Structure formats: structure tokens, C-alpha cells
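Asker: Sequence isn't available, so here's the structure alone:
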Ligand code: PBG
């Protein structure tokens with residue numbers, strides 16, 4: 001045996017033999033399309049895609065969201081068509097977000113649990129007409145509050161426990177409407193446990209919870225606020241309840257709390273600037289883990305693509321693949337339809 005090899009323990013030898021003998025050539029497996037396919041470690045499929053979309057009032061209407069080229073707000077009937085399209089492409093689940101009318105907004109966001117709000121209307125319509133697609137709903141209060149916060153604002157403070165009680169009522173109304181997964185994005189303490197308990201007590205033990213476990217106080221949400229009409233509405237910022245973008249250990253503690261309280265799935269939001277968090281949560285908890293490639297990430301790729309500065313389709317696919325490599329089981333992405341179409345071509 002080669003002298004240098006004989007000094008190595010078996011674990012050192014594994015995978016390193018040609019390195020030791022000085023003949024390692026990493027390009028060997030990259031030389032052809034077939035061998036690159038053979039050694040590819042992670043693969044994006046249609047099964048990984050979740051489509052977030054925006055709902056508005058009206059009929060037969062889809063209107064563009066200015067800050068998100070290619071994304072529209074849809075009236076409920078058009079949202080059903082969109083869900084049909086997603087289902088046909090094989091996308092497993094969708095996530096509606098409402099642009100509510102100013103008249104229904106209040107200080108406490110109580111329209112969140114009205115059966116007549118846009119979320120509950122669109123959930124009922126899609127459940128009825130496209131029953132094969134999964135529906136994920138957010139129970140945060142921001143589309144329903146006059147101040148744009150995710151919780152109840154009192155004397156300049158977002159009060160935790162009352163906000164949780166309101167979020168729970170929202171979650172129950174969504175389960176009632178037919179939501180399959182409740183995904184609360186408000187980041188109040190104790191919301192996962194409270195939602196789990198309320199769901200179970202009301203006969204919804206089959207409804208799952210995807211926790212927006214680590215939602216960061218990010219500037220990447222800007223275009224979303226245009227989409228749901230809270231741009232310029234928000235008083236102050238969300239730093240007292242979302243996580244500081246500088247923190248990683250705190251993100252693990254936050255996710256751990258949600259796991260203890262009964263989260264079935266974890267989500268990291270935003271996505272690409274937080275791939276390290278995705279990887280840490282996946283390796284720590286081994287739960288199904290998702291990324292939300294948020295509006296700002298979408299709009300950056302889209303606008304650079306529209307300007308011809310990057311190849312939009314390639315950057316889209318590369319960004320989505322990076323989530324898989326980091327450990328994601330799926331991605332909420334406004335590119336879901338485009339990516340699914342692209343992936344179908346290769347079937
Ligand atoms: C708030 C909420 C946000 C998003 C979805 N729900 C963040 C915010 O407005 O603070 C962002 C989604 C996106 O940017 O695509 N509960």
C-alpha cells in the first residue's frame with residue numbers, strides 16, 4: 001500500500017484517496033452534462049414550491065402590484081383560476097394575502113376573524129373549486145389594523161397576550177373556512193401553543209401549523225406592503241416583535257420555543273440573506289423547514305432581469321436551488337408559477 005495511505009485512519013481515507021496520492025481532480029465529474037446530473041446533490045422540484053399571492057375585492061379583476069412586476073392582486077374568482085393553474089402545474093400549496101379595504105380596518109384588527117374577510121372568502125372558494133391544493137393562511141393582524149402592525153397597539157406598545165388572543169380567533173376562522181395549514185407571521189410570544197390548543201379544542205386537530213419561527217425585522221418586505229396596501233400606513237417599525245437581523249442564537253431559541261409549543265413546520269423569513277439560519281434550524285430540529293423568498297428578494301431579481309442586467313430565469317432557479325442546498329423542504333416564492341413551468345419542461 002502507498003506509504004502515505006497506510007498512515008491514515010479509514011475515516012480519513014474515505015473520499016480522500018486521490019487527494020492523498022496527489023491526483024484529486026474535481027473537474028473529472030463536471031466534464032459532461034450526464035456526469036454533472038449524476039453527482040448533483042440537491043434538486044429543486046415542483047413539489048418544493050409554495051405560491052404566495054394577493055387577493056383584493058371586485059370581480060373578474062387582476063391588477064398589477066407596482067413594486068412587484070409580474071405579480072398581481074386578484075379578485076376571489078380570479079384567485080380561484082390562479083389556484084387551478086398552480087394545481088395543474090403540480091404546485092402543492094398556495095398562500096393568500098389580502099389587501100383589505102380601509103373601512104374594515106380597526107385599531108385591534110378584529111376583522112381578522114370575520115368570515116367575510118378576503119382570506120376566508122378566498123379559502124372557501126378555492127377549497128370548493130380546487131380541493132386538491134393545500135392552503136396556507138397567515139393569521140397576523142397587519143392587513144386588518146389601522147396602524148399596520150401585526151398585533152394590537154396600545155399606548156405605543158404592541159401588547160402580546162391580547163394580540164395572541166386575536167390571532168387565535170383569526171386562525172380559528174381560517175380553519176373554519178377550510179385552511180389546511182395556519183402560518184402565523186406575527187411573532188407574538190406563545191402564539192403557536194395558543195393556536196394549537198384552540199385548534200384542538202375546536203375539532204381542528206388535523207390542521208397543521210407552519211410557524212414563521214424566525215421572522216426578521218427586515219427591509220426586504222417593502223414591496224409586500226405596497227401589495228397589501230399598508231405602505232405608509234405602518235407607524236414606527238416592527239423591531240419589538242421581529243428578530244434582529246444580526247442574531248442567530250436567538251433565532252434558534254425562537255424556533256425551539258415554537259417546536260415545544262407544537263409547530264409542525266418551521267419557516268425562515270426572509271430567505272436568501274438568511275441561508276445560515278435555515279441550515280442551523282434544519283440541522284438542529286430536523287423538522288420540515290421552509291424559506292419565504294420575500295417580496296424584496298423577488299423584486300430585486302425581477303427588476304435587474306427586466307433591465308437586462310442579469311438573466312432572470314437563471315438567477316431565479318439558482319436562488320431557489322440555494323434554498324434546497326441550505327436544507328429547505330420547500331420555498332414560498334412569487335416565482336412559483338414560472339419555476340414550475342421551467343421545471344415541467346425538463347420532466
Ligand atoms: C406581516 C407580513 C409581512 C410579510 C407577510 N406578512 C411582513 C411585513 O409587512 O412586515 C412579508 C412578505 C413579503 O415581503 O413578501 N405579517
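Answerer: Arrived safely. Fair warning: this is a prediction, and the values are worked out from it, not measured in the lab. Numbering: from 1, shown residues only.
Asker: now the helices for the chain?
Answerer: With DSSP state H as the criterion, the chain has helices at 3-6, 10-13, 17-20, 33-39, 76-88, 118-129, 160-177, 191-201, 222-227, 249-261, 275-285, 295-306, 312-326, 336-345.
Asker: Bridged to the spatially most central residue of the chain, which residues?
Answerer: With distances taken as Cα atoms, centre = their mean, residue 292 lies nearest the centre of the chain, 3.0 Å away. Legend: beta-bridge partners of residue 292 under DSSP bridges are residue 332.
Asker: which residues touch it?
Answerer: Neighbour list for residue 292: 52, 212, 267, 268, 269, 270, 271, 331, 332 [criterion: Cβ atoms under 8 Å, 6 or more residues apart in numbering]. Quick note: C-beta positions are derived from backbone N, CA and C, even for glycine.
Asker: how about JSON lines for the residues you listed, with distance to the ligand added?
Answerer: Output for the contacts of residue 292, formatted as JSON lines (distance: Cβ to the nearest ligand atom, whole Å):
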{"residue": "52", "distance to the ligand": "6"}
{"residue": "212", "distance to the ligand": "8"}
{"residue": "267", "distance to the ligand": "11"}
{"residue": "268", "distance to the ligand": "13"}
{"residue": "269", "distance to the ligand": "7"}
{"residue": "270", "distance to the ligand": "7"}
{"residue": "271", "distance to the ligand": "10"}
{"residue": "331", "distance to the ligand": "12"}
{"residue": "332", "distance to the ligand": "8"}
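Asker: Figure out which of the helices of the chain is closest to residue 109.
Answerer: Nearest of these to residue 109, taken as Cβ to Cβ: helix 160-177 at 6.2 Å.
Asker: where does the stretch 101-250 of the chain come near the ligand, residue by residue?
Answerer: Residues of the stretch 101-250 of the chain lying close to the ligand by Cβ under 6 Å from any ligand atom are 138, 140, 142, 150, 185, 221, 224, 225, 238.
Asker: List the neighbours of stretch 124-140 that are in contact with it.
Answerer: For stretch 124-140, the external contacting residues (Cβ under 8 Å, 6+ apart) are 50, 76-77, 79-80, 83-84, 86-87, 91-97, 112, 119, 123, 150, 167-168, 170-171, 174, 177-186, 195, 210, 212.
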